[in-house]
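Undergrad: This is the structure alone, sequence omitted:
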């Protein structure tokens, strides 16, 4: 079940987390969806010769976890993600579990928008991404069944 916090319910300092592990599947789906087939993501032999020492996630995959955290957790369903500043601190590798931490920083009454501090850390507690999101907060209370994602076949 997905539920939200309306603009009126949101409190400065309110926090939430969202967690996901990067797998081969996420890299393939990110490449297929975006068209970004940079060998740093797709070719282990090439990527092993880079300063990263192996394949890494698309940066936008990592950023998309912030979008998911906003949409699913804080403020939740009905949120409109309108802007984001981002800094990428470290690469994300297959098997890394990323925790996105959100903190409500400001409320803007006139437009019913909020500023949310966003930080992503890996399983070692090392920061991998940070920034501030601008979000149109929902004004209507929602509680919805979590949609079931379709099975997606990779390969032939």
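TA: Ah, there it is. Since we're looking at a predicted model, the values are computed, not measured. Numbering: from 1, shown residues only.

Undergrad: The residue positioned nearest the centre of the chain: what secondary structure?
TA: Compute the mean C-alpha point of the chain, and by CA atoms, centre = their mean the closest residue is residue 65, 1.3 Å away. Put simply, residue 65 is helix when judged by DSSP: H, G, I helix; E, B strand; the rest coil.

Undergrad: Can you report how many residues lie near the residue lying closest to it once chain neighbours are set aside?
TA: Leaving aside its sequence neighbours, residue 65 sits nearest to residue 100 (CB to CB, 6 or more residues apart in numbering; 4.9 Å). Just so you know, the C-beta spots here come from the backbone N, C-alpha and C atoms, and that holds for glycine as well. Applying other CB atoms under 10 Å, we find 26 residues neighbouring residue 100.

Undergrad: Torsion angles phi and psi at residue 100?
TA: Backbone torsions for residue 100, taken as degrees, to the nearest 10, come to phi -90, psi 120.

Undergrad: still on that earlier bit, how close does the residue nearest to the centre of the chain sit to residue 38?
TA: Taking CB to CB, to the nearest Å as the measure, residue 65 falls 19 Å from residue 38.

Undergrad: Repeat that for residue 91.
TA: If you measure residue 91 against residue 38 using CB to CB, the figure is 13 Å.

Undergrad: all helices for the chain, in order.
TA: For the chain, the helices defined by DSSP state H occupy 24-34, 39-42, 44-48, 59-72.

Undergrad: and the third one, what other elements does it pack with?
TA: Meaning helix 44-48. Under the contact definition 3 or more CB pairs under 8 Å, 6 or more residues apart in numbering; DSSP states H and E, helix 44-48 sits against helix 39-42.

Undergrad: can you list contacts of the helix it packs on?
TA: Residues from elsewhere that reach helix 39-42 (CB atoms under 8 Å, 6 or more residues apart in numbering): 27, 30-31, 46-47, 50, 52, 55-58.
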